[in-house]
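Engineer: based on what follows, work out the 3D shape:
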Amino acid sequence: MNQAQTSMSGQEASPTAEAEPGSLHALVLAQLEDDQAQEVVSIPLAGKSSIADHMVIASGRSTRQVAAIAQKLAEKIKQQGHGPVRLEGLPQADWVLLDAGDVVVHLFRPEVRSFYNLERMWAFGDAPPVAAGTA
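Structural biologist: Numbers count the residues shown, from 1 in each chain. Coordinates of the predicted model:
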């Protein structure tokens, strides 16, 4: 992820959301890109919250895609030795939460994502949500 990342408004954003190569955060972002998740945003939480170091928010086009992305991501995290992943919301798949410890991932259908607007709720003055663009 060497290219500059941009905020959802298209302006250049803080590089704090860049993932360390080989980290759980990098694995999550790469897998979401591979699975064609849409509007992937990473919010750095280190030093701001004890729940995780990063919160990643992404959308799928349908409940079927959201469920597939969630299941594949959970399996990939486990295969790579990052421990077990807790999944919540999988049966309905409107909003699926993956808790992987240092990284928490929220996967939404677009309508549900816009309703809850987690990016706005978790945005901090010095660490705005940034699009998780990859090379």
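Engineer: top helix in this protein by residue count?
Structural biologist: In the chain, taking DSSP state H as the definition, the longest helix is helix 63-79.
Engineer: so which elements touch that helix?
Structural biologist: helix 24-34, strand 86-88, strand 95-99, strand 103-108 (3 or more Cβ pairs under 8 Å, 6 or more residues apart in numbering; DSSP states H and E). Where you see a C-beta, it was placed from the backbone N, CA and C, and this is true even at glycine.
Engineer: mind doing that once more with 6 Å?
Structural biologist: strand 95-99, strand 103-108 (3 or more Cβ pairs under 6 Å, 6 or more residues apart in numbering; DSSP states H and E).
Engineer: nearest to Thr63, out of the ones you listed?
Structural biologist: Nearest to Thr63 among the helices and strands packed on helix 63-79 is strand 95-99; the distance by Cβ to Cβ comes to 9.3 Å.
Engineer: name the residues of the closest one that are buried.
Structural biologist: 95-96, 98-99 (16 or more other Cβ atoms under 10 Å).
Engineer: and if you look at stretch 103-113?
Structural biologist: Neighbour-count burial for stretch 103-113 flags 103-109, 112-113 (criterion: 16+ other Cβ under 10 Å).
Engineer: could I get those as TSV with pLDDT?
Structural biologist: Shown next, in TSV, are the buried residues of stretch 103-113 (pLDDT from 0 to 100):
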residue	pLDDT
Val103	96
Val104	97
Val105	98
His106	98
Leu107	98
Phe108	98
Arg109	97
Val112	97
Arg113	96
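Engineer: let me know the distance separating Lys48 from Leu118.
Structural biologist: According to Cβ to Cβ, to the nearest Å, Lys48 and Leu118 sit 14 Å apart.
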